[in-house]
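Participant: got a predicted structure plus its sequence, pasted below:
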Amino acid sequence: MNILVTGANGQLGNEMRIISKETGYDFLFTDVVEAEGVETTLLDITDAEAVENIVRKHQIDCIVNCAAYTNVDKAESDVDLCRKLNATAPSILAEAMKKAGGLLVQVSTDYVFGGDPYNTPCREDQKGTPTGVYGLTKLEGEESIKAIGCKHVIIRTAWLYSEFGKNFVKTMLNLTATRPQLKVVFDQAGTPTYAYDLAVAIKAVLEDYTAEKSRNEYSKTGVYHFSNEGVCSWYDFTKVIAELAGNTTCDIQPCHSDEFSSPVKRPAYSVLDKTKIKQAFGLKIPYWIDSLKTCMVNMKINK
């Protein structure tokens, strides 16, 4: 099976590079820029002709879309580009897969929720209530894929981090090591997700799809949720990061979200119900602290 990965130089894309070595599939890793030390094919996924040409040239059976506009605050003033990457591009990828008879694996977000006061884990069939441009455009991307009607698996995830790129774990490692005191919000609850674990879940989807590839339709087409197991606030997350790193001199204090100015309201509770993806693909998902420990060990090894 020939698999095209977009956003290959980002957090999840780099984890997909690692996962690819555990499969017998042929992967084509694409991005808009090259990165040192890894082979990257340049591709603008907002260019429909370029996408169609590369799918045809490499006989692509599946696209894993790891590319997105993810700057939540900046999205409020950069609406056009955000929509182009998060809504238009997925529709272009969906059209290409529909024409090729292939599968699109689209990575979405817990930010499609947030407008209603939830206190139980969000299900896949729950109505999207985004509170900002980022969540709205990601939801628009989901809806466009469904409307086009290609075979698809949309995976909503949350609080993504890894050894690669910029993320919350790396930021907190630095801040708790260099500041005497730090305030972190405690009134937003969710679940951290190690990008490697998400890549493992995507591999399970690809393996399942391979077994069914000869059919015109994929029986598990639909929306799924994936994060690590458990629940915490950003404050709890930071406390564990600091503890595991041995950063004991920083006084970490809980605070309310409104103590930080932001152009967008973030979801207060965006814990994802993962029952569906676990049952469909036989996944055993690690607890968030266990995965955090693994990631931090890998960070030290790769220094």
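Facilitator: The structure has been received and is ready for your questions.
Participant: these two touch, right, Arg83 and Leu139?
Facilitator: No. Here Arg83 does not reach Leu139: they are 11.2 Å apart, not a contact under CB atoms under 8 Å. For every residue, glycine as well, the C-beta is placed using N, CA and C.
Participant: which of the two has more residues huddled nearby?
Facilitator: Under the neighbour definition other CB atoms under 10 Å, Arg83 and Leu139 were set side by side, and Leu139 has more, 22 against 19.
Participant: for the more buried one, give me its contacts.
Facilitator: Remark: with contacts taken as CB atoms under 8 Å, 6 or more residues apart in numbering, Leu139 is in contact with Ser108, Val112, Gly128, Pro130.
Participant: give the next helix or strand downstream of the helix or strand containing Leu206.
Facilitator: For Leu206, the enclosing helix or strand under DSSP states H and E is helix 195-212. Sequence-wise, the next helix or strand downstream of helix 195-212 (DSSP H and E) is strand 222-225.
Participant: could I get the contacting residues of the residue nearest to Tyr196 when sequence neighbours are not counted?
Facilitator: The shortest distance from Tyr196 to any residue other than its chain neighbours is 4.6 Å, reached at Glu15 (CB to CB, 6 or more residues apart in numbering). The neighbourhood of Glu15, defined by CB under 8 Å, 6+ apart, consists of Ser162, Phe164, Ala195, Tyr196, Leu198, Ala199.
Participant: Asp197 now?
Facilitator: Residues in contact with Asp197 (CB under 8 Å, 6+ apart) are Asn228, Ile285, Pro286, Ser291.
Participant: just send those residues back as CSV, with secondary structure and pLDDT too.
Facilitator: Rendered in CSV, the data for the contacts of Asp197 read as follows (DSSP: H, G, I helix; E, B strand; the rest coil; pLDDT from 0 to 100):
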residue, secondary structure, pLDDT
Asn228, coil, 98
Ile285, coil, 98
Pro286, coil, 98
Ser291, helix, 98
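Participant: any idea which of the residues you listed is closest to Ala268?
Facilitator: Distance to Ala268 across these (CB to CB) is lowest for Asn228, with 19.6 Å.
Participant: my guess is that closest one meets Gly190, correct?
Facilitator: No. Asn228 is not in contact with Gly190 according to CB under 8 Å; the separation is 10.3 Å.
Participant: okay, helices next: where are they in the stretch 51-200 of the chain?
Facilitator: Remark: helices of the stretch 51-200 of the chain, listed N- to C-terminal, are 79-83, 89-100, 133-148, 168-178, 195-212; assignment by DSSP state H, counting those that start in this stretch.
Participant: buried ones in stretch 156-175?
Facilitator: Within stretch 156-175, the residues that qualify as buried by neighbour count (16 or more other CB atoms under 10 Å) are 156-164, 167-170, 172-173, 175.
Participant: quick check: closest non-adjacent residue to Trp159.
Facilitator: Setting aside the residues directly before and after it, Trp159 is nearest to Pro192 in space (CB to CB, 6+ apart), at 4.4 Å.
Participant: please report the distance of the one you found from Tyr161.
Facilitator: Relative to Tyr161, Pro192 is positioned 6 Å away (criterion: CB to CB, to the nearest Å).
Participant: then Thr129?
Facilitator: According to CB to CB, Thr129 stands 25 Å off from Tyr161.
Participant: what is the mean pLDDT for the strand or helix carrying Ile18?
Facilitator: For Ile18, the host element (DSSP H and E) is helix 11-20. Along helix 11-20, the predicted local confidence has a mean pLDDT of 98.
Participant: and that helix with helix 195-212, angle?
Facilitator: For the pair helix 11-20 and helix 195-212, the angle between their directions (axes from the mean of the first three to the mean of the last three CA atoms, to 10 degrees) equals 60 degrees.
Participant: how far away from the center of its chain is helix 11-20?
Facilitator: Distance, stretch centre to chain centre, for helix 11-20: 12 Å (CA atoms, centre = their mean, to the nearest Å).
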